[in-house]
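**Student:** no FASTA, just this:
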Ligand SMILES: O=c1ccn([C@H]2C[C@H](O)[C@@H](CO)O2)c(=O)[nH]1
Ligand SMILES: [Zn+2]
């Protein structure tokens, strides 16, 4: 699947956004190495901090379906500028594949592409703390 097609799925997913507080809709589409597709939208809450971003909605949906090998994620929003994943989403994405492509679109359908590692250098990962029994 090419970048433009994945971004089109993210644009469709954006239509499902539940964003009554910010009125800022975000959509994401995630492609796995096996060719499976998962989408997500932002889901806000009256208790604002409980909001889940579109990117994490897509990732959690994939993981819940048993898929963890991600090759690309497209994200777009109502913004004129490119939609850059927040820090929390970058951390969640990089856990699964630092080399995955992140396609970031704007409301005009333009986009730029980077890797997860480009977006989050020097990231925290499991090897940093290792196994509890080896830490004594
Ligand atoms: O990468 C991002 C950044 C923000 N949001 C959502 C969270 C909130 O609902 C709204 C405004 O921050 O946008 C996302 O879904 N993804
Ligand atoms: Zn986020």
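**Tutor:** Right, received. Where do you want to start? Keep in mind that this is a model prediction, so the values were computed, not measured. Ligands and ions are numbered 1, 2, ... in the order given.
**Student:** How far does stretch 66-83 stretch from one end to the other?
**Tutor:** Stretch 66-83 has an end-to-end distance of 27 Å (criterion: C-alpha to C-alpha, to the nearest Å).
**Student:** list the contacts for residue 128?
**Tutor:** If you count contacts by C-beta atoms under 8 Å, 6 or more residues apart in numbering, residue 128 has none. All C-beta atoms are positioned from the backbone trio N, CA, C, and that covers glycine.
**Student:** quick check, it in a strand?
**Tutor:** No - counting by DSSP: H, G, I helix; E, B strand; the rest coil, residue 128 falls outside a strand, being helix.
**Student:** Residue 88 touches residue 52, doesn't it?
**Tutor:** No - if you go by C-beta atoms under 8 Å, residue 88 and residue 52 don't touch, sitting 9.6 Å apart.
**Student:** out of the two, which sits in the more crowded spot?
**Tutor:** Neighbours were counted for residue 88 and for residue 52 using other C-beta atoms under 10 Å; residue 52 has more, 17 against 12.
**Student:** and the end-to-end length of stretch 112-129?
**Tutor:** Stretch 112-129 end-to-end distance (C-alpha to C-alpha) = 34 Å.
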